[in-house]
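Asker: okay, structure incoming, though there's no sequence with it:
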């Protein structure tokens with residue numbers, strides 16, 4: 001654990017208007033930003049310091065979706081017992097669990113935006129129902145007028161105004177996220193499960209999909225206003241027996257479109273508004289189905305190759321760095337994320353989560369049973385969330401700012417994590433308010449009245465663990481970690 005003091009700053013909640021590339025969401029590649037490129041403009045954890053982890057029944061990890069102080073994922077226990085669950089991001093408190101299928105399928109979350117959680121009644125019928133739930137309590141808001149058909153590892157994506165794009169049976173839909181009404185639909189024939197998602201480039205009002213005809217892969221451009229297909233380009237095989245795309249394409253900050261054919265190659269295309277132009281193609285080694293590449297803030301591409309991660313120059317395809325072998329266990333399905341403080345995070349689909357520097361030197365790693373399709377999701381405050389078998393875990397950066405509701409005054413808690421004591425620092429508006437420090441089962445550990453601007457809490461006799469501070473007049477509790 002890092003020895004420096006960890007300050008947790010609680011500030012007045014600011015409602016962020018999201019435009020273009022930026023969104024208030026913070027999840028792994030599958031829709032966390034419109035370009036689907038796995039980059040989050042936040043500073044992620046530099047160490048394996050755990051803020052909290054909770055037991056959560058599930059055979060494997062699935063993608064995690066984040067907005068503000070809400071964390072949403074599916075917990076798969078069987079084909080007919082897989083609820084969508086919502087946790088409080090900063091504390092690990094379970095807020096709700098909902099089965100939208102009535103025990104007939106899986107409740108697959110595919111996105112979160114503006115307080116709505118979008119969930120599919122996944123039965124793989126090719127005509128599954130899409131719902132919107134209220135993120136605060138899981139209640140139903142609407143049922144879409146179109147039926148959809150995402151694969152279990154896929155998600156929706158949003159444009160700058162919040163419209164939702166999702167795949168149906170050989171279709172892509174644009175849906176009004178406030179009402180569930182279809183704005184347009186267009187024909188889409190994805191190559192294979194796991195590769196059919198549309199990426200949104202708001203700068204040129206174009207969506208990109210990877211599709212097939214006669215076993216040949218095509219990159220397609222679609223007008224986001226009306227759904228009209230504009231032009232396409234063949235993505236060629238480079239090796240016999242290749243051309244199996246089971247990974248979503250993505251768009252870099254440099255507007256280049258990157259396509260991974262899982263058993264064959266990675267290709268990069270520019271879009272001049274009338275056609276695609278091939279910039280480079282490079283072979284990759286080994287099957288990495290359902291993996292996800294990412295692009296960092298220097299426009300370098302990170303991808304799987306032969307049980308390792310490779311860093312490629314986004315403009316030329318030249319190899320810049322190669323990680324040590326991390327493909328133990330047989331299944332190698334890395335889902336990769338990049339942070340603004342030059343860290344690269346990856347799960348392998350097996351039992352590990354990794355953090356690398358940009359040269360792909362391992363900085364830290366941790367055991368995480370059966371991450372499967374859960375990559376590392378970076379929240380707007382820098383927390384990193386990952387899910388595995390029977391567990392959800394959150395790593396914390398050195399400092400993070402929480403965009404929580406705060407209706408009294410700004411508070412600072414430090415040091416946190418701590419060995420002996422914690423200080424509550426507050427202004428005069430909080431004086432006279434009662435505070436309580438409670439354990440995970442709700443028992444009161446310490447209690448008192450805020451008498452001074454700096455309140456000292458003696459934790460020397462408190463057992464190690466995670467506790468929660470509550471203050472009268474506030475609707476949130478705040479995690480305090482005793483080492």
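Answerer: Right, received. Where do you want to start? The shown structure was predicted, so the numbers you read here are calculated from the model rather than taken from an experiment. Numbers count the residues shown, from 1 in each chain.
Asker: and the end-to-end length of stretch 95-103?
Answerer: Taking CA to CA, to the nearest Å, the first and last residues of stretch 95-103 lie 20 Å apart.
Asker: wait, stretch 36-45
Answerer: Start-to-end, stretch 36-45 (CA to CA) is 21 Å.
Asker: pLDDT (mean, whole number) over that stretch?
Answerer: Regarding stretch 36-45, the rounded mean pLDDT is 90.
Asker: and if you look at stretch 102-113?
Answerer: Average pLDDT, stretch 102-113: 95.
Asker: and the helix or strand where residue 466 lies, what's its mean pLDDT?
Answerer: Assigned by DSSP states H and E, residue 466 belongs to strand 465-471. Taken as a whole, strand 465-471 has a mean pLDDT of 82.
Asker: that strand: partners in the sheet, and parallel or antiparallel?
Answerer: strand 434-438 (antiparallel), strand 478-482 (antiparallel) (DSSP bridges).
Asker: out of the ones you listed, deepest packed?
Answerer: strand 478-482 (a mean of 22; mean count of other CB atoms under 10 Å). Glycine gets a C-beta too; all of them are placed from N, C-alpha and C.
Asker: residues making contact with it?
Answerer: The contact list for strand 478-482, computed with CB atoms under 8 Å, 6 or more residues apart in numbering, reads 8, 10, 51-52, 90-92, 402, 404, 411, 413, 416-419, 422, 437, 459, 462-470.
Asker: tell me which helix or strand residue 185 sits in.
Answerer: Assigned by DSSP H and E, residue 185 falls in strand 182-187.
Asker: residues of that strand that come out buried?
Answerer: By neighbour count on 16 or more other CB atoms under 10 Å, the buried set for strand 182-187 is 183, 184, 186.
Asker: between those residues, which is nearest residue 111?
Answerer: residue 183 (15.9 Å; CB to CB).
Asker: could you find the closest non-adjacent residue to that closest one?
Answerer: residue 174 (4.3 Å; CB to CB, 6 or more residues apart in numbering).
Asker: got the angle between the helix or strand where that neighbour lies and strand 182-187?
Answerer: Using DSSP H and E, residue 174 sits within strand 171-175. Using axes from the mean of the first three to the mean of the last three CA atoms, to 10 degrees, the inter-axis angle of strand 171-175 relative to strand 182-187 is 170 degrees.
Asker: about what we covered before: for the residue nearest to residue 183, what are its contacts?
Answerer: Going by CB under 8 Å, 6+ apart, residue 174 touches 163, 164, 165, 182, 183, 184, 185, 224, 227.
Asker: care to break the chain down by domain?
Answerer: 17-401, 409-482 (automatic domain parsing).
Asker: out of these, which one sits most buried?
Answerer: Most buried of the domains of the chain, by mean neighbour count (mean count of other CB under 10 Å): domain 17-401, with a mean of 20.
Asker: hang on, the earlier thing: distance to residue 353 added to the buried residues of strand 182-187, as JSON lines?
Answerer: As requested, these are exported to JSON lines (distance: CB to CB, whole Å):
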{"residue": "183", "distance to residue 353": "38"}
{"residue": "184", "distance to residue 353": "39"}
{"residue": "186", "distance to residue 353": "37"}
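Asker: lowest-confidence stretch among the domains of the chain?
Answerer: Ranked by mean pLDDT, the domains of the chain end with domain 409-482 at the bottom, a mean of 79.
Asker: residue 301 and residue 39, how far apart?
Answerer: Going from residue 301 to residue 39 by CB to CB, to the nearest Å gives 11 Å.
Asker: which neighbours do these two share?
Answerer: Counting by CB under 8 Å, 6+ apart, the shared contacts of residue 301 and residue 39 are 294, 295.
Asker: checking residue 380 next. Helix, strand or coil?
Answerer: Under DSSP: H, G, I helix; E, B strand; the rest coil, the three-state class of residue 380 is coil.
Asker: that one contacts residue 42, correct?
Answerer: Yes - counting by CB atoms under 8 Å, residue 42 is a contact partner of residue 380 at 6.1 Å.
Asker: what about the strands in the stretch 301-450 of the chain?
Answerer: Using DSSP state E, counting those that start in this stretch, the strands found in the stretch 301-450 of the chain span residues 308-313, 319-322, 335-339, 344-347, 352-356, 362-367, 377-378, 384-388, 391-395, 400-402, 411-414, 421-426, 434-438, 444-449.
Asker: dump those strands to a markdown table, plus distance to residue 65.
Answerer: Formatted as a markdown table, the strands of the stretch 301-450 of the chain follow (distance: least, CB to CB, whole Å):
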| stretch | distance to residue 65 |
| --- | --- |
| strand 308-313 | 24 |
| strand 319-322 | 30 |
| strand 335-339 | 14 |
| strand 344-347 | 16 |
| strand 352-356 | 18 |
| strand 362-367 | 22 |
| strand 377-378 | 7 |
| strand 384-388 | 9 |
| strand 391-395 | 12 |
| strand 400-402 | 18 |
| strand 411-414 | 27 |
| strand 421-426 | 31 |
| strand 434-438 | 28 |
| strand 444-449 | 32 |
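Asker: endpoints of stretch 439-454, how far apart?
Answerer: Start-to-end span of stretch 439-454 (CA to CA) is 23 Å.
Asker: got a list of contacts for that stretch?
Answerer: Identification of contacts with stretch 439-454 by CB under 8 Å, 6+ apart yields 423-428, 430-438, 455, 457-459, 462, 465-468, 471.
Asker: which element is the residue nearest to residue 93 when sequence neighbours are not counted on?
Answerer: With CB to CB, 6+ apart as the criterion, residue 93 has its nearest non-adjacent residue at 6.5 Å, and that residue is residue 87. According to DSSP H and E, residue 87 maps onto strand 84-88.
Asker: for the closest residue to residue 188 other than its chain neighbours, list each beta-bridge partner.
Answerer: Nearest non-adjacent residue to residue 188, counting by CB to CB, 6+ apart: residue 172, 4.3 Å away. Beta-bridge partners of residue 172, counted by DSSP bridges, are residue 167, residue 186.
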